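Peer 1: Have a look at this prediction, sequence included:
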Amino acid sequence: MQTLVNAPADAQAGYVFAHGAGAGMEHAFMEAVAAGLAERGIACLRFNFPYMEQGSKRPDTPAVAQAAVRAAVEEAARLWPGLPLFAGGKSFGGRMTSQAQAAQPLNGVKGLVFVGFPLHPAGKPGTERAKHLDKVQVPMLFLQGTRDELADLELLREVIEPLGKRATLHVVEHADHAFHVLVRSGRKNAEVLEEILDAMAAWMKPLSLRA
């Protein structure tokens, strides 16, 4: 398994960050998130799913993807023994991580962070992809843009509400699924990235202190 690690000397937590369906761990957004988290005291391990390593455009089956998530979490635990771990990812990567956690808890993972949870295909609103979330027993943070075509916010709120205190939704105004904003919004992509990073760090750090 190919991995990339950003780890500050004073790391307070570690995050296993899975990539989306269309771009691997070296994508600029993945790199920016990893670097930004490191600046905030959170180590980050990125990895490629097998299909990405093989140069295929077709994502792995859930079983294969979930196995890759487990292997990445084990690698993070080996690299950072004793460091509180979190897992999740961008879009597809986040969904595969949550499926893995729902099937069998990821060893040592205190919570999941979804950077744009893909609730449904574009133009096909639904909640089928979220049915497994009620089996996830660790805290979850959802970072979602208001223009995300893969997650109708009202539907996502309907999914999150029954999860109670286990789920936190952070809405990013004017952002799409890639967390880009239109010029006319008055916001800049760099500002959105900072908001995401601050929200992730602020959510993970308190949880990392819990026994």
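Peer 2: On my side now, so go ahead. Residues are numbered from 1 along each chain as shown.
Peer 1: can you list contacts of stretch 159-172?
Peer 2: Here stretch 159-172 makes contact (CB atoms under 8 Å, 6 or more residues apart in numbering) with 119, 127, 130, 133-134, 136-146, 153, 156-157, 179, 192, 195-196, 199, 203. For the C-beta atoms, the positions are set from N, CA and C on the backbone; glycine is no exception.
Peer 1: filter the residues you listed to the buried ones?
Peer 2: Applying 16 or more other CB atoms under 10 Å to the contacts of stretch 159-172, the neighbour count classes 119, 130, 133, 136, 138-145, 156, 179, 192, 195-196, 199, 203 as buried.
Peer 1: Give me the pLDDT for Gly20.
Peer 2: Note on Gly20: pLDDT of 97.
Peer 1: Check the gap between Lys57 and Val109 for me.
Peer 2: 29 Å (CB to CB, to the nearest Å).
Peer 1: More neighbours: those two, which one.
Peer 2: Taking other CB atoms under 10 Å, Lys57 and Val109 do not tie; Val109 has more neighbours (23 against 8).
Peer 1: For that one, which residues count as its bridge partners?
Peer 2: When assigned by DSSP bridges, Val109 has beta-bridge partners Leu85.
Peer 1: ok, so what distance separates it from Leu207?
Peer 2: Counting by CB to CB - Val109 and Leu207 are separated by 11 Å.
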